[in-house]
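>>> let me see the structure of the following:
(chains A and B)
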Number of protein chains: 2
Amino acid sequence: MEKSSEKFNSYIYGKNSVLETVSQNPKRINKIFFSEHINFDNRLKKIKEIADENSIQIQFTNLNKFNKYFQDDTKKSQNINFQGVIASVSPVEYADFDEFLNKKTDKFRKIVILDGVEDPHNFGAILRTLAAASYDAVIIPKHRSCPVTPTVEKTSSGAVNYIPIIKTNSLSGVIDILKKNDWWIIAADGQSKDNYFDISYTDMNFAIILGAEGEGVSKTLLNKSDFRVKIPCAIESLNVSATCAVIVYESIRQIHQK
Amino acid sequence: MEKSSEKFNSYIYGKNSVLETVSQNPKRINKIFFSEHINFDNRLKKIKEIADENSIQIQFTNLNKFNKYFQDDTKKSQNINFQGVIASVSPVEYADFDEFLNKKTDKFRKIVILDGVEDPHNFGAILRTLAAASYDAVIIPKHRSCPVTPTVEKTSSGAVNYIPIIKTNSLSGVIDILKKNDWWIIAADGQSKDNYFDISYTDMNFAIILGAEGEGVSKTLLNKSDFRVKIPCAIESLNVSATCAVIVYESIRQIHQK
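Here you go, the predicted structure:
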């Protein structure tokens, strides 16, 4: 592996991550590495099949040598279970906010804005939930957010290939523009009087803002929100990815049952 | 630290875990270790205060020497962020099923049964959600389940001290007994036709069975269930802790809005 290529490529691992990526976004994949002593199960067979169809290069090798590439990310390089497959991929392409905003659709759209969620496991879990719920995008700040690392790709189980990720210099600016374009802004706020199920998520474009654990959504963004909602909670707080799942699926329930 | 004590004690770390444990269950704590160069923030101050009230021994020390005690659990011993505090604790005491079942209450009760959830992060996240939602217990099998490791305690953010954990030799047997006692059994099943919001969670005692990721709830337990419910999902599946959050909070919503 040449030094220079490391700058432009990264690696993903695990059956689900690689399968989702090769099936949804084969162009992202430069090469697939299988463990040299592998027993092909259904998912691994599928990966090889799609790789062959797309003329993606395959190599059988000792995967342990890849441990070092995951070091700065997971900090637990010695013990990664690659599940027999690693892929060298181009980085996720971020989506453009203006393009997203101006896209013509005949349906109401729903997105999540992450205000300071820096943990890669939480970020990955949130992406997976949003992909499952067919949300339209997630917006993250350029600073104080987690980049799409291999851990994020793994935790998201390949969902990074389904849900457009938009990066912005100013969440505040993005929210102002959304509001001007008739979007409604809903902030998760443990101090709120309203429960998340007290508001209606139907017949409108809306964005749900989730804050960092402990700190919550920042004051500036809270003040710009149309609604603040809490999840009734007997302990100090729910995990941010659980919060995301609960509110996002309440919107899905309301839309289904409308 | 003596070799012999390792058998009977384990360690928990992190501000939330230690704070929740010392406030909810001070008798579990044998000793608290603070980092020798610590700056006390509010949560750490609170820990020290409650420890003093309960005459719990405190020591200021270099916490790095504890890394080895977390090795078999997290496999990432070198990089643990203890957040300045570690506590030596007695193991979590499991609750007794018969005692739980026969307890007189004037409210309907709700529990979760975990069928093969072996990942400590998922188990911890599920415990935290159940504590937040004031569920009455969680039942896990003696085999094919994750013990309450330090990672579970940390991920649960101390919720292990709020939610009774019941271990059983036979989930199948437990379910039979619950049914004889007028409990309703609901299984999460991606193949179901009914959505999780199509059934009513009010006015009954119920147990929600969640299965291992990929495999789902085992056939035997599915066949014993009164309801099978799915979460509408555009990708292969949701993470089991997200599944838990979504179904559990749908029950909370229905009970609130009844």
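
>>> quick check: residue A:63 touching residue A:33?
Yes: taking CB atoms under 8 Å as the definition, residue A:63 is a contact partner of residue A:33 at 6.4 Å. From N, CA and C alone the C-beta is placed, and that goes for glycine too.

>>> got any residues that touch both of these two?
residue A:86 (CB atoms under 8 Å, 6 or more residues apart in numbering or on different chains).

>>> for stretch A:150-166, the distance to its chain's centre please.
Chain-centre distance of stretch A:150-166: 4 Å, with CA atoms, centre = their mean, to the nearest Å.

>>> same check, this time on stretch A:210-227
For stretch A:210-227, the distance to the chain centre is 20 Å (CA atoms, centre = their mean).

>>> is the lengthiest helix in chain A positioned near chain B?
Criterion DSSP state H: the longest helix present in chain A is helix A:240-257. Yes: applying CB under 8 Å from any CB of the partner chain, one finds that helix A:240-257 is in contact with chain B at A:241-242, A:245-246, A:249-250, A:252-253, A:256-257.

>>> near chain B, which residues of the stretch 151-258 of chain A show up?
Counting by CB under 8 Å from any CB, the stretch 151-258 of chain A comes close to chain B at A:157-159, A:162, A:195, A:197, A:231-239, A:241-242, A:245-246, A:249-250, A:252-253, A:256-257.

>>> let's see it at 6 Å
A:197, A:233-235, A:238-239, A:242, A:245-246, A:249, A:253 (CB under 6 Å from any CB of the partner chain).

>>> backbone dihedrals for the residue with the largest distance to the centre of chain A, please?
Most distant from the centre of chain A: residue A:37, at 32.0 Å, with distances by CA atoms, centre = their mean. Residue A:37 has phi and psi values of phi -110, psi 40 when expressed as degrees, to the nearest 10.

>>> quick one: the helices in chain A?
Counting by DSSP H, the helices of chain A are A:3-8, A:15-24, A:42-53, A:71-74, A:97-102, A:120-132, A:150-155, A:171-180, A:219-224, A:240-257.

>>> tally up the residues packed near residue A:169, please.
A total of 10 residues lie near residue A:169 under the criterion other CB atoms under 10 Å in any protein chain shown.

>>> I'd say it and residue A:141 touch.
No: applying CB atoms under 6 Å, one finds residue A:169 not in contact with residue A:141, separated by 7.6 Å.

>>> what distance do you get for the closest residue to residue A:188 other than its chain neighbours to residue B:121?
Excluding the flanking residues, the one nearest residue A:188 by CB to CB, 6 or more residues apart in numbering or on different chains is residue A:210, at 5.2 Å. Plainly put, residue A:210 is 19 Å away from residue B:121 if you go by CB to CB, to the nearest Å.

>>> what residue spans form the domains of chain A?
Under the assignment automatic domain parsing, the domains of chain A span A:3-89, A:97-257.

>>> closest one to residue B:215 among the ones you listed?
domain A:3-89 (13.0 Å; CB to CB).

>>> got CSV for the domains of chain A, with mean pLDDT too?
CSV is the format used below for those (pLDDT from 0 to 100):
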stretch, mean pLDDT
domain A:3-89, 82
domain A:97-257, 94
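
>>> dump the ones you listed to a markdown table, plus distance to residue B:153.
Listed next are these as a markdown table, based on distance: least, CB to CB, whole Å:
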| stretch | distance to residue B:153 |
| --- | --- |
| domain A:3-89 | 19 |
| domain A:97-257 | 14 |
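
>>> could you list everything the residue nearest to residue A:188 pairs with in the sheet?
residue A:114 (DSSP bridges).

>>> for it, list the residues it contacts.
A:114, A:188, A:240, A:244 (CB atoms under 6 Å, 6 or more residues apart in numbering or on different chains).

>>> neighbour-wise, give me the winner out of these.
Going by other CB under 10 Å, residue A:244 tops the contacts of residue A:210 with 29 neighbours.

>>> correct me if wrong: that residue contacts residue A:125.
No: contact criterion CB under 6 Å: residue A:244 and residue A:125 do not qualify, at 7.7 Å.

>>> residues that sit against both of those two, list them.
When contacts are counted by CB under 6 Å, 6+ apart, residue A:244 and residue A:125 have no shared neighbour.

>>> from the domains of chain A, which stretch is densest packed?
domain A:97-257 (a mean of 20; mean count of other CB atoms under 10 Å in any protein chain shown).

>>> nice, that's everything, thank you.
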